[in-house]
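Asker: sharing a model prediction with you, sequence too.
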Amino acid sequence: MILGFAKRWSLASYVVAAILTLPLVAIVIQATALDESIFPHLLNTVLPTYILNTLLLMLSVCIGATVIAIPAAWLVARCDFPGRQIFQWALLLPLAMPAYIVAYVYTDLLDYAGPIQRGLRHLFNWQSPQDYFFPDIRTLAGASVILALVLFPYIYLLARTAFLEQSSSLQHAARVMGCGPWRSFWRLSLPMARPALAVGGALVAMETAADFATVSYFAVPTLTTAVYDTWLEYGSLSAAAKLSAIMLFVVFGIIGIERFARRKQKLFQKHTELNDGDRYPLSKMQGYLALTYCFGLLLLAFLLPFIILVGYGWQYFEVSWNRDFLNYAVNSLYIAVLVSVITVCIAVLLMFVRRCSPHKVDKLPSRFASTGYALPGTVLAIGVLVPLTYLDFAINDIYAYFNAIGPGLILSGSVFVLLFGFSVRFVAIAIGSVESSYKRISPTLDMAAITMGIKPKILLWRVHLPLLRKGIFAGLLLVFIESMKELPAALLLRPVGFENLATYVYQFVSDEQLEHGALAAIVIVLVGLVPLIYLNRSLEHRS
Amino acid sequence: MKFVKSLAVLGLACVTTLVNAADTLTVYSYRQAFLIEPILADFTKETGVKVNVVFSKNGIAERVAREGRLSPADLILTSDFSRLMELVDKELVQPVNSKTLNDNIPQALRSPQNDWYALTKRVRNVYSSKERVGPIAIDYEDLADPKFKGKICTRSGKHPYNISLVASMIAHHGEQETKVWLEGVKANLARKPQGNDRAQVKAVKEGLCDLAIGNSYYLGKMLQDPNQVSWAEAVSINFPNQENRGSHINVSGMALAKHAPHKQNAIKLMEYLSSDAAQKSYAEVNMEYPVKLNVAPSKLVSSWGEFKSDELPIFKLAEYHKAAVKLLDEVQFDL
């Protein structure tokens, strides 16, 4: 707490938070508007299925991702086996892969017309689909498997950290009392990691709810695709906004659960270093099993799709390597860099106010600003366009009042709309990252600074920022990856003549010709890898 | 602070360059960019007018409506008819007074008010497996016949091509009968609707289904791609309803945006797209049927034979568009 904390700091944070919550407000207002009987019609026909699909998908992806992530996290954190060092970071790689690309690759492989089924038919001389059973990939179950494969690293990452941070003295105590690895896992580690698992699960659930491309490719209609359809096929913004409101309800429910889980987490966190010697040594056989498990996971979730992508990229290199491709790559980078800088600046401002303001209410702006992450891209697009178009018209009216020619759609029709939309969606990530970094700066430092008569601005520049370096950097990187991958918002918001790699790749995927977009897809993945590896390093050093 | 300032300047610079791209035409297109880009490049070569294309699969009408009088769109290209009518219904287009256009495009294929023009025709065909079925005389109505149970493949019912087909069924048979028909078709599907028209032909080749609904030009496209020739060669193309009303025709088309900032140039482009050269190019590149009478379809397309097409006035389809979407939801066609 700083005695001379100036009001303008809190004011600034309120203004920023208000701007960032505009889209949410716009959706709520739109949702109350009348619509031409579209919504009741949807409610009577397809909506129940959409909602059921959404819930089932979220549930099954969460379960699937948890089930595959926990053994991996436990093995890597607490056991010793060949290759452990590599899997520590390698199991994060799937995060760099957009889900719809993985979906495409697997549909191609596992479809009736794909090489696997063709091979089987050839081998057993089956003639028609009636001759044998093969699970259909383009189903809810198929989509769940693919999404679980791509999203499990969220849970893996958090679970691994939780396992690592569990006090080693507790583990020692357990061991002394005769707990073997299994019992100590079930009775000690797993229950203690539960809050972390809940956080990871919530992230996975939210990402699943936001997914647009995979489910639409798999012909599994969910609320996100319904919003898209209702808006663009029925042409009803208000019905789409109503659907969005339902969706928000679901997502805020998840956030509530996650918050609840995290509140408890504090009780458990007592840091002590885990030494290498504390890891359970596995027998040779067990070690190989562990290796096989981790490698299999990596193979399915990342290596296989990536290798196939590289194959396509190689085969179609001449068609794909053109000026458009380079342009779109630059566009993607440019947006991702700007968005990550903007969001991190906002995050630092909000968290600074939250830390230093003597008023409790000043904690609100950072809370509100974070709600944007709950908006799936499709929903977000509605929320962003409504207020910006309104402002655009106002600006042009002012010009017209002075008999001047207005600037046109300077906000909603330019890159600004993308920057704004992405910032709203991803600022929560930056806030989270800066927040966790802030937690590690002792308040006594602030007090010392104040005793020496330092002003808030200097405190931020000279004391906090240098100490926040890591959190800031992690925030920049995470937002950067997400901005490179984000598809639905980009698809709906991109201004005239503006494509980026994600929309470019999707154009081919939706036309079932990923081959031609493979090179662009590879770039998205590679660009995402670098930050991931760095991020993992910094986490390693911390734990 | 300096950093923030330079960032702001950079941002503004990017914004202004994108907004004030002067003397370029802006085309909003439902048609994939790579299909029309060669033709637009020729236009630029001839006239010096640069053309900026925004491609989108969905929502162009929504977008133009929202942008209102500030919209940068000059010309809107659609890949199907209901999209054209959607633009007209929402009053997003303006009539064009051009003798060239009226001369080039037959009356039946343009709006009486001159606010939209067709550019190409395509037929919704039924593909059949050469090996298991061979060429057959078939009506769309037959697709609901229980004898085809588990034998039909199609893309999502919600795709504009299928919506138009359903709309035409409503126009001929009324909603109630069409609903029964749709339920019948759904019951006959070999798998849940998915993929595009190309994927359906592939599924026929692989033996997953015997019949597939698809547009004619996909066959041409596949024959051009060395990896897909074998799919195309596995099917026969059948023009439905030849014994009665004729095959369902859809058109791709264009309309001048209501608030087109570069109206004169946009009309120039429209006239160019109806010219012999562009029509020929459309026909050759995209395997569609040209609308201009003296331009012949490509050799390959001609080889599929002559056919009788449904004389139903095309604007009727638009009338039933929403009803068609609702029916598809009611029978849960895609679920």
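Answerer: Everything's here; your move. Numbering: from 1, shown residues only, chains lettered A, B, ... in the order given.

Asker: my guess is A:Trp9 contacts A:Met351, does it?
Answerer: No: counting by Cβ atoms under 8 Å, A:Trp9 sits too far from A:Met351 to count as a contact (11.6 Å). Glycine gets a C-beta too; all of them are placed from N, C-alpha and C.

Asker: more crowded one of these two?
Answerer: Neighbours were counted for A:Trp9 and for A:Met351 using other Cβ atoms under 10 Å in any protein chain shown; A:Met351 has more, 25 against 19.

Asker: which residue is the nearest non-sequential neighbour of that one?
Answerer: A:Val434 (4.9 Å; Cβ to Cβ, 6 or more residues apart in numbering or on different chains).

Asker: host element of A:Leu411?
Answerer: Counting by DSSP states H and E, no helix or strand carries A:Leu411.

Asker: what's the closest non-adjacent residue to it?
Answerer: Nearest one to A:Leu411, counting by Cβ to Cβ, 6+ apart, is A:Leu388 at 4.5 Å.

Asker: around that neighbour, how many other residues sit close by?
Answerer: So A:Leu388, with other Cβ under 10 Å, has 25 neighbours.

Asker: with A:Ile410 as the reference, measure out to it.
Answerer: 9 Å (Cβ to Cβ, to the nearest Å).

Asker: same deal with A:Gly372?
Answerer: As defined by Cβ to Cβ, A:Gly372 lies at a distance of 22 Å from A:Ile410.

Asker: now check stretch B:306-326, is it near chain A?
Answerer: Yes: counting by Cβ under 8 Å from any Cβ of the partner chain, contacts between stretch B:306-326 and chain A involve B:322, B:325-326.

Asker: A:Ile137: which of the residues you listed is nearest?
Answerer: Proximity of those to A:Ile137 (Cβ to Cβ) peaks at B:Val325, which lies at 27.3 Å.

Asker: where does pLDDT dip in the chain?
Answerer: Reading this off chain A. Residues of chain A meeting the criterion pLDDT under 70: A:1-6, A:35-36, A:167, A:262-277, A:538-543.

Asker: um, chain B though
Answerer: Along chain B, the model assigns pLDDT under 70 to residues B:1-22, B:34.

Asker: that older thread, which residues touch the residue nearest to A:Met351?
Answerer: Neighbour list for A:Val434: A:344, A:347-348, A:351, A:468, A:471-472, A:475 [criterion: Cβ atoms under 8 Å, 6 or more residues apart in numbering or on different chains].

Asker: my read is that the residue nearest to A:Leu411 contacts A:Phe420, right?
Answerer: Yes: counting by Cβ under 8 Å, A:Leu388 touches A:Phe420, with 7.0 Å between them.

Asker: shared neighbours, these two?
Answerer: Residues touching both A:Leu388 and A:Phe420 by Cβ under 8 Å, 6+ apart: A:Leu411.

Asker: can you list the residues of the stretch 201-335 of chain B near chain A?
Answerer: The stretch 201-335 of chain B comes close to chain A at residues B:202-203, B:205-208, B:322, B:325-326, B:329-330, B:332, B:334-335, as judged by Cβ under 8 Å from any Cβ.

Asker: let's see 6 Å
Answerer: Within the stretch 201-335 of chain B, the positions lying close to chain A (Cβ under 6 Å from any Cβ of the partner chain) are B:202, B:206-208, B:329-330, B:335.

Asker: just the buried ones from the residues you listed, in PyMOL syntax?
Answerer: Filtering these down to the buried ones (16 or more other Cβ atoms under 10 Å in any protein chain shown) takes a single PyMOL command:
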select buried, chain B and resi 202+206+207+208+329+330+335
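
Asker: if we can go back for a sec, which of the residues of stretch B:306-326 next to chain A fall in helices?
Answerer: B:322, B:325-326 (DSSP state H).

Asker: in a markdown table: those residues, plus neighbour count and distance to A:Ile382.
Answerer: Shown next, in a markdown table, are those (neighbours: other Cβ atoms under 10 Å in any protein chain shown; distance: Cβ to Cβ, whole Å):
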| residue | neighbour count | distance to A:Ile382 |
| --- | --- | --- |
| B:Lys322 | 20 | 21 |
| B:Val325 | 22 | 20 |
| B:Lys326 | 18 | 22 |
